[in-house]
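Asker: I would like the atomic coordinates for the input below:
(one chain, ligands or ions: 2)
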Amino acid sequence: MKPIKVGLLGIGTVGSGVFEVLRRNQEEIKRRAGRGIELVMVSRRDLAKAREIVGDHAQVVADPRDIIRNPEIDIVVELIGGYTLARELVLEAIAAGKHVVTANKALLAVHGTEIFAAARDRGVMVAFEAAVAGGIPIIKALREGLTANQIQWVAGIINGTTNFILSEMRDKGLDFEVVLKEAQRLGYAEADPTFDIEGVDAAHKATLMSALAFGIPVQFDRAHVEGITKLQAADIRYAEQLGYRIKLLGIARRQAAGIELRVHPTLVPSKRLIANVEGAMNAVMVQGDAVGTTLYYGKGAGSEPTASAVIADLVDITRLHTADPEQRVPHLAFQPDELHATPIVAIDQVVTSFYLRLQVADQKGVLAAITRILAESDISIDAVLQRESAEGENSTDVIILTHETVEGRMRAALVQMQALPTVLAPIVSLRKEELA
Ligand code: NDP
Ligand code: HSE
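Answerer: Ligands and ions are numbered 1, 2, ... in the order given. Below you'll find the predicted structure:
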């Protein structure tokens, strides 16, 4: 059978990995796919750089639309990134009857509903394994491997840049800016690193996982997003003393009122495997009613790990493109007309436990006033730690871990505690998850 023909829109970090791995493993891949997968065209504005990567193994063009217009191309791989041009190109490729593979989580988290509907109308596939957790086959797990389950929650370290930053800051005592530059040099960080450090990239991925896990449309605009830029070294240290590590988690959880969809720095017990995921590695935990807790671990970014996921999609499409479109695995795991409008709950309805750090005057009755507010707010304390004051110092830190409560209740209590004259600085509050 003649090889399936592929064109790459964009050949940078991920695109060059796709070229390299496809070439290196072509025989093995062909044995799996049932026919060859041939990269015949690539596009990039810097033609010289593109030629440097592919030599004379593929045609190089500056205009990505030359690939979409080419009737020989069966699969278009979008690896440019961003929302605007990428959206136009993906929709044009679909309209031209091409199957699409993309690693672009931003695009799908924001425009996924439109793109999947267009693909369905045209009878083509849009595959996106690389869009969440890079080389970890988490989309495959959620869409196929766990299909028997009612999924209860998904929680993951799904941004390598921030995990790398948090690990290096803790282990080596390095400054945030220094570690961020290194993450960019290593190719983990997005072109605009604000997306990484402000939690936006993780929220794109959590949005996609929430849709796959619960059969809801992608709703990035409903996600609660907090990054790591305000995190202080003192809290990383106190958390360690209490047996926790701070990780930027993307969480999607089913609860009575709807679905929680949130990204924020989170205390996780140090004894959990996921708390020990270091550097740029990613890990995703999925809890299903039948399977229990599962954990998926691996490289979430980088040239070849991401290429591994892109090529897995190419193989899937090669195997399935002649199948009846109705018989293919649905884009979002559930049949499109079975997606439910289950609401994403507002952050003040989220149920979680908390870490609080209060800088207080070191005097009688301070702790009693704080604990009274918590008790009157029906918030139960799990642990308390008070730093011993240094000689001559008249303030200290009180750290409180709470049991689970509704976030709105905690926010109201925080307002009351902050108003105490003995509380000397803005209270730090972080969410804590046991992930048991
Ligand atoms: P890069 O910036 O390394 O590559 C983007 C490529 O697109 C470059 O080759 C660029 O070349 C090309 N490009 C940009 N604009 C155009 C245009 N108008 N026409 C043609 N080509 C264009 O990005 P990555 O490879 O890192 O990322 C690609 C996608 O994969 C993104 O969506 C990213 O979020 C996602 N991703 C990346 C991961 C990673 O580890 N890097 C991991 C998982 C997902 P030129 O400027 O010369 O045109
Ligand atoms: N910037 C992303 C990260 C790349 O750091 O995880 C992978 O999506």
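
Asker: show me which residues of the stretch 51-200 of the chain are close to ligand 1?
Answerer: On the criterion CB under 6 Å from any ligand atom, ligand 1 has as its neighbours in the stretch 51-200 of the chain the residues 64, 79-81, 85, 103-104, 130, 134, 187, 190-191. Yep, even glycine has a C-beta here, placed from its N, CA and C like the rest.

Asker: restricted to strands, list those.
Answerer: With strands identified by DSSP state E, none of the entries of these belong to them.

Asker: just the buried residues of those residues.
Answerer: For those, a neighbour count by 16 or more other CB atoms under 10 Å gives the buried set as 64, 79-81, 103-104, 130, 134, 187, 190.

Asker: so which of these comes closest to ligand 2?
Answerer: Of all those, the one sitting nearest ligand 2 is residue 190; the distance, using CB to the nearest ligand atom, is 4.4 Å.

Asker: what's the nearest residue to the residue in the chain positioned nearest to ligand 1 if we skip its chain neighbours?
Answerer: In the chain, no residue comes nearer to ligand 1 than residue 12, which is 2.0 Å away by CB to the nearest ligand atom. With CB to CB, 6 or more residues apart in numbering as the measure, residue 79 is the residue that lies nearest to residue 12, at 6.9 Å, once sequence neighbours are left out.

Asker: next, give phi and psi for that neighbour.
Answerer: Here the main-chain torsion angles of residue 79 (degrees, to the nearest 10) amount to phi -130, psi 40.

Asker: and it, what does it touch?
Answerer: Under the criterion of CB atoms under 8 Å, 6 or more residues apart in numbering, the contact list for residue 79 reads 8-12, 14-15, 18, 102-104, 310.

Asker: hmm, 6 Å instead?
Answerer: 8, 10, 14-15, 103 (CB atoms under 6 Å, 6 or more residues apart in numbering).

Asker: now the helices for the stretch 1-150 of the chain?
Answerer: When assigned using DSSP state H, counting those that start in this stretch, the helices of the stretch 1-150 of the chain occupy the ranges 13-24, 26-33, 47-54, 64-69, 84-95, 105-122, 138-140.

Asker: same thing with the stretch 301-436 of the chain?
Answerer: When secondary structure is read from DSSP H, counting those that start in this stretch, the stretch 301-436 of the chain shows helices at 303-320, 366-376, 407-418.

Asker: export those helices as TSV, with columns for distance to residue 28.
Answerer: Rendered in TSV, the data for these read as follows (distance: least, CB to CB, whole Å):
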stretch	distance to residue 28
helix 303-320	10
helix 366-376	59
helix 407-418	49
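
Asker: and the ones you listed, which is most packed in?
Answerer: helix 303-320 (a mean of 22; mean count of other CB atoms under 10 Å).

Asker: okay, that helix in PDB with CA atoms only?
Answerer: What follows is helix 303-320, C-alpha atoms only, in PDB (Å, rounded to 0.1, in the frame of the first residue of the first chain):
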ATOM      1  CA  SER A 303      11.300  17.900  20.900                       C
ATOM      2  CA  GLU A 304      11.200  14.100  20.800                       C
ATOM      3  CA  PRO A 305       8.800  13.300  23.700                       C
ATOM      4  CA  THR A 306       6.200  15.600  22.100                       C
ATOM      5  CA  ALA A 307       7.000  14.100  18.700                       C
ATOM      6  CA  SER A 308       6.300  10.700  20.200                       C
ATOM      7  CA  ALA A 309       2.700  11.800  20.800                       C
ATOM      8  CA  VAL A 310       2.300  13.500  17.400                       C
ATOM      9  CA  ILE A 311       3.400  10.300  15.600                       C
ATOM     10  CA  ALA A 312       1.100   8.100  17.700                       C
ATOM     11  CA  ASP A 313      -1.700  10.300  16.400                       C
ATOM     12  CA  LEU A 314      -0.400   9.800  12.800                       C
ATOM     13  CA  VAL A 315      -0.400   6.100  13.300                       C
ATOM     14  CA  ASP A 316      -4.000   6.200  14.700                       C
ATOM     15  CA  ILE A 317      -5.200   8.200  11.700                       C
ATOM     16  CA  THR A 318      -3.400   5.900   9.300                       C
ATOM     17  CA  ARG A 319      -5.100   2.900  10.800                       C
ATOM     18  CA  LEU A 320      -8.600   4.500  11.100                       C
END
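
Asker: do you know which of the helices of the stretch 1-150 of the chain lies nearest residue 327?
Answerer: With CB to CB as the measure, helix 105-122 is the member of the helices of the stretch 1-150 of the chain nearest residue 327 (13.3 Å).

Asker: now do the buried residues in the closest one.
Answerer: 105-113, 115-116, 118-120, 122.

Asker: strands of the stretch 101-250 of the chain, residue ranges please.
Answerer: Read by DSSP state E, counting those that start in this stretch, the stretch 101-250 of the chain holds these strands, from start to end of the chain: 126-127, 151-157, 224-225, 244-255.

Asker: buried set for the last one?
Answerer: Within strand 244-255, the residues that qualify as buried by neighbour count (16+ other CB under 10 Å) are 244-254.

Asker: dump the buried ones among the residues of the stretch 51-200 of the chain next to ligand 1 into CSV; add distance to ligand 2 as well.
Answerer: Rendered in CSV, the data for those read as follows (distance: CB to the nearest ligand atom, whole Å):
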residue, distance to ligand 2
64, 21
79, 12
80, 14
81, 10
103, 7
104, 10
130, 8
134, 5
187, 8
190, 4
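
Asker: sorry, back to before: can you redo the strands of the stretch 101-250 of the chain as JSON lines with mean pLDDT and distance to residue 31?
Answerer: Listed next are those as JSON lines, based on pLDDT from 0 to 100; distance: least, CB to CB, whole Å:
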{"stretch": "strand 126-127", "mean pLDDT": "98", "distance to residue 31": "20"}
{"stretch": "strand 151-157", "mean pLDDT": "98", "distance to residue 31": "32"}
{"stretch": "strand 224-225", "mean pLDDT": "98", "distance to residue 31": "43"}
{"stretch": "strand 244-255", "mean pLDDT": "97", "distance to residue 31": "36"}
